[in-house]
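[1] I'd like to go over a predicted model; first the sequence, then the structure.
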2 protein chains.
Amino acid sequence: MIIQIDFAGDLPLYSQLRDQIVIGIAAGLLQPGEVLPSVRRLAADIGINIHTVNKAYALLRDEGYIVMDRRSGAAVAGRPLDSRGFSEHLADLLRPIAAEAICHGLDAAQFGQFCADLHHQVRAIRDIQEEHP
Amino acid sequence: MIIQIDFAGDLPLYSQLRDQIVIGIAAGLLQPGEVLPSVRRLAADIGINIHTVNKAYALLRDEGYIVMDRRSGAAVAGRPLDSRGFSEHLADLLRPIAAEAICHGLDAAQFGQFCADLHHQVRAIRDIQEEHP
DNA sequence: CTATCTGTTATATAACAAATATAACAGATG
DNA sequence: CATCTGTTATATTTGTTATATAACAGATAG
């Protein structure tokens, strides 16, 4: 799986890395049980510091997306994902975005459709990647 | 309109303030043309620094949500809002969130419905506020 | 056992962002 | 003139981000 980091972007590097791995899992590019690169290896590949990768991995572990083992390294977590309080978490993330959409004239149906389309887009990343091996 | 700031939260104060004002506009609590409190007044009311409020106001101005005048102060912008590149902006915000939803087992229809419901919730804030004057 | 891999922890440093404090300026208003 | 508005400038403090170097504990292969 290809990781692309925008060093000029607004988001912190560890946050970009975290997002891309979550997207990779959602798209199916990273499957449950699949072993991720070690912090040293991935840091060298991307060209960033070990601790930055470690911070992203630790964050993903705390969120339940990956499991980490001292011996075998990091791996994508097997289902199911702990979902206590996830609705509230999701609502907190989406509320300001929904407000933006409202201010720009999108009604509930349009916004819901836009979100559903994006859901499909994320799932389709896998197919796009497999077309260009 | 009541502003609630979480000093222990992860989000910067100016960002929280910006989000709440956008939500207020979306909910209809702040209507186009309505005058906002001055930076000094709002800073004193909330108990934060003038520059923090100024940063939030300047951000809202750059995004087109409010207009600022040296004489009369800040006011909610009249429609329409400039929407060039808004879809891309919205997609960038939603992509990692959609990925999270996928990882937690929500399909496209469920995610779209959740987003549409939240859209309604934001619009309903106005009615809730008016019940308790 | 040795060498090498893994995550983990510690410490130090530099750069940047966030928030505060104080002060001043230009323009408009009563 | 006094008072309000946004705006700008400077300085300081604090926290985050990212880097660098180093070491430790546990597991594994030679």
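    The structure has been received and is ready for your questions.

[2] Doesn't residue A:75 lie inside a strand?
    Yes. According to DSSP: H, G, I helix; E, B strand; the rest coil, residue A:75 belongs to a strand.

[3] what about the residue lying closest to it once chain neighbours are set aside, how many neighbours?
    Take residue A:75 and drop its neighbours on the chain: the residue closest to it by C-beta to C-beta, 6 or more residues apart in numbering or on different chains is residue A:35, 4.9 Å away. The C-beta positions use only the backbone N, C-alpha and C, and glycine is treated the same way. Each residue near residue A:35 was counted by other C-beta atoms under 10 Å in any protein chain shown, and the total is 13.

[4] check contacts around residue A:35.
    Going by C-beta atoms under 8 Å, 6 or more residues apart in numbering or on different chains, residue A:35 touches A:72, A:73, A:74, A:75.

[5] which of those has the most neighbours?
    residue A:74 (24 neighbours).

[6] How about stretch A:31-38 and DNA strand C, touching?
    Yes. Under the criterion of C-beta under 7 Å from any atom of the strand, DNA strand C is reached by stretch A:31-38 at A:36, A:38.

[7] Just give me how far that stretch sits from the chain centre.
    Centroid separation between stretch A:31-38 and its chain, computed with C-alpha atoms, centre = their mean, to the nearest Å, is 14 Å.

[8] quick one: is that stretch near DNA strand D?
    No. Using C-beta under 7 Å from any atom of the strand, stretch A:31-38 never reaches DNA strand D; the gap is at least 10.4 Å.

[9] Which residue is the nearest non-sequential neighbour of residue A:96?
    residue B:19 (4.2 Å).

[10] Can you get me a residue count around the one you found?
    17.

[11] what's the top helix by length along chain A packed up against?
    The helix that spans the most residues within chain A, counting by DSSP state H, is helix A:108-131. In this structure, helix A:108-131 packs against helix A:13-27, helix A:86-103, helix B:86-103, helix B:108-131, with contacts taken as 3 or more C-beta pairs under 8 Å, 6 or more residues apart in numbering or on different chains; DSSP states H and E.

[12] Report the angle between that helix and helix B:108-131.
    150 degrees (axes from the mean of the first three to the mean of the last three C-alpha atoms, to 10 degrees).

[13] residues of helix A:108-131 that come out buried?
    Applying a neighbour-count criterion of 16 or more other C-beta atoms under 10 Å in any protein chain shown, one finds A:108, A:111-116, A:118-119, A:121-123, A:125 buried in helix A:108-131.

[14] Tabulate those (TSV), appending distance to residue B:7 and pLDDT.
    Listed next are those as TSV, based on distance: C-beta to C-beta, whole Å; pLDDT from 0 to 100:
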residue	distance to residue B:7	pLDDT
A:108	33	98
A:111	31	98
A:112	34	98
A:113	37	98
A:114	34	98
A:115	31	98
A:116	36	98
A:118	33	98
A:119	35	98
A:121	37	97
A:122	34	97
A:123	39	95
A:125	38	89
